[in-house]
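[1] Prediction below, plus the sequence it came from.
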Amino acid sequence: MGGGTAGISVAARLRRRAPTLSITVIDPSQTHYYQPLWTLVGGGVVSKEETARPESSVIPDGVKWLQQAVTEFVPDQNQVVLRGGERLGYDFLVCAPGIQLNWSEVKGLAGHVGKDGICSNYAYEYVDRTFPTIQAVTEGNALFTHPATPIKCGGAPQKIMYLADDDFRKRSVRDKVRVKLLMAPATIFTSPYYADSLREVIARREIEVAYQHNLIEVRPASKEAVFLRLDTKEEVVQSYSMIHVTPPMSAPDFVRHSPLANAAGFVDVDKETLRHSRFANVFALGDASGLPTSKTGAAIRKQAPVVVDNLLAAIEGQSLPGRYDGYTSCPLVTGYGKLVLAEFGYDGKPMESFPFDQRKERLSMYWLKRYGLPVLYWNGMLRGLA
């Protein structure tokens, strides 16, 4: 269930490992997106068209694509319900529908993203409006938000802020612009190992940070944003020339209200085996899963082999051999030509791939994000090879 990064990666690996299995990918999408590049689209480096390909082009050979939407899970009967009411049975289910953007949870936001000084890199239809919004700023407050919910790529709200700061400096308006990061979390980054590096970047750039500030309303007519302070429950109003909004997110509604969900609304799976805690023939990975790690494509790259190993073992009635250690990665763009490559596991401790200190900003890691990782994605992950 799901034809995004997680669903296609698992389907491709299953096809290579067990070519006789009957595999169906259920997803209504016409287009598949490589979302990690949207930061650079918003920064004016990449066209958004470069990040999109037809969904049909990524469906593995020999895998059936059912271009439908799932509206309900009935795991007691091993069935999913499609939008038209049809029920589809399964022997095993891999649940990977991704994450839902809840724009309407911020009062006044719907209908104004991409105009009125409001932008967001978190949707294909809006991402190409971010850079023009940044370039229109000559003075005032430039606000960047991070909500109280789990989000995909927890570092992304900061990445576009650093690029905007570079642009303001390049255009010699930075002395008239106050750059502010207002974030609901109480710390700058999930992994303490990398947090100090980011605090150094913020201090050097003279960016103002306010923690435990959750965006609850925008007022486009007056260009004001309202934040709820999570520590004091007070409301704070900030004026803006521009605001980059990271919307609140959740698992899709049909997941949240299903028997598969945990108390937080995400698919309830064992954090090591990725098998559902109550339904032994259900596995989950990716953004809709309740795994206590950052929701990134790099995390999926490590989760997919575990799901495949354990699913094939479950089919044979064997014990599950695969274990996921929480590995995730966030390529933190800290400016044009600068990147801190954060890699860590469940405990927040580093799990670095390169023989140097990845906390340092590097041009080489920026090029890796810009050119290397997209190639790995399209030609490796989605083909079950990486």
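    Structure received. Numbering: from 1, shown residues only.
[2] So Thr149 lies in a strand, does it not?
    No - under DSSP: H, G, I helix; E, B strand; the rest coil, Thr149 sits outside any strand and is assigned coil.
[3] Without its sequence neighbours, what residue ends up closest to it?
    What sits nearest to Thr149 in space, not counting adjacent residues and going by C-beta to C-beta, 6 or more residues apart in numbering, is Pro248, at 4.6 Å. From N, CA and C alone the C-beta is placed, and that goes for glycine too.
[4] can you pull the contacts of Asp357?
    Going by C-beta atoms under 8 Å, 6 or more residues apart in numbering, Asp357 touches no other residue.
[5] now it: how far from Leu182?
    Distance, Asp357 to Leu182, using C-beta to C-beta, to the nearest Å: 30 Å.
[6] tell me the contacts of Gly117?
    Contact analysis of Gly117 by C-beta under 8 Å, 6+ apart lists 133, 136, 220, 223, 240-243.
[7] Would you mind giving the secondary structure of Leu376?
    Under three-state DSSP, Leu376 comes out as helix.
[8] Please give me every residue in contact with it.
    By C-beta under 8 Å, 6+ apart, the residues touching Leu376 are Ala386.
[9] quick one: pLDDT of it?
    pLDDT, Leu376: 97.
[10] To what extent is Cys95 buried, counted in neighbours?
    Cys95 has 27 neighbouring residues, counting by other C-beta atoms under 10 Å.
[11] For the closest residue to it other than its chain neighbours, give me phi and psi.
    Nearest non-adjacent residue to Cys95, counting by C-beta to C-beta, 6+ apart: Ala284, 4.2 Å away. In terms of degrees, to the nearest 10, the main-chain angles of Ala284 are phi -150, psi 150.
[12] Ok, the one 5 residues further on next?
    When read as degrees, to the nearest 10, the backbone of Ser289 gives phi -80, psi 150.
[13] Look up how far Gly265 lies from it.
    Using C-beta to C-beta, Ser289 is found at 11 Å from Gly265.
[14] Specify which residue of these two has the higher count of neighbours.
    Using other C-beta under 10 Å as the criterion, Ser289 and Gly265 rank with Ser289 on top: 29 against 20.
[15] Next one: that one from Pro248, what distance?
    In terms of C-beta to C-beta, Ser289 sits 18 Å off from Pro248.
[16] Over to Thr232?
    Thr232 sits at a distance of 20 Å from Pro248 (criterion: C-beta to C-beta).
[17] do Ala263 as well
    In terms of C-beta to C-beta, Ala263 sits 17 Å off from Pro248.
[18] More neighbours: which of the two?
    Neighbour count, other C-beta under 10 Å: between Ala263 and Pro248, Pro248 has more, with 22 against 7.
[19] for the more buried one, what are its contacts?
    Here Pro248 is in contact with 101-102, 105-106, 147-149 (C-beta under 8 Å, 6+ apart).
[20] One more: Ala164?
    Ala164 is in contact with 43, 134, 137, 142, 144, 179, 242, 244, counting by C-beta under 8 Å, 6+ apart.
[21] And Gly85, by the same measure?
    Neighbour list for Gly85: empty [criterion: C-beta under 8 Å, 6+ apart].
[22] That one sits in which helix or strand?
    Counting by DSSP states H and E, there is no helix or strand that carries Gly85.
[23] ok so, going back, please check the contacts of Pro248 and keep the buried ones.
    Neighbour-count burial (16 or more other C-beta atoms under 10 Å) applied to those gives 101, 105-106, 147-149.
[24] just the helices in the stretch 251-386 of the chain please.
    Ranges of helices in the stretch 251-386 of the chain, per DSSP state H, counting those that start in this stretch, are 253-256, 297-315, 363-367, 373-379.
[25] what's the second one in contact with?
    The set of residues external to helix 297-315 that reach it, using C-beta under 8 Å, 6+ apart, is 5-6, 9-10, 13-14, 17-18, 35-36, 91-92, 94, 273-275, 280-281, 283, 285-286, 289, 291, 293, 319-325, 327-330, 343, 377, 381, 386.
[26] Just the buried subset of the residues you listed, please.
    For the contacts of helix 297-315, buried by 16+ other C-beta under 10 Å: 5-6, 9-10, 13-14, 35-36, 92, 94, 273-275, 283, 285-286, 289, 291, 293, 320, 322, 324, 327-330, 343, 377, 381.
[27] State the distance from Glu49 to Pro36.
    According to C-beta to C-beta, Glu49 and Pro36 sit 16 Å apart.
[28] Please apply the same query to Leu109.
    From Leu109 to Pro36 the distance is 24 Å (C-beta to C-beta).
[29] And for Arg229?
    Separation of Arg229 from Pro36 (C-beta to C-beta): 31 Å.
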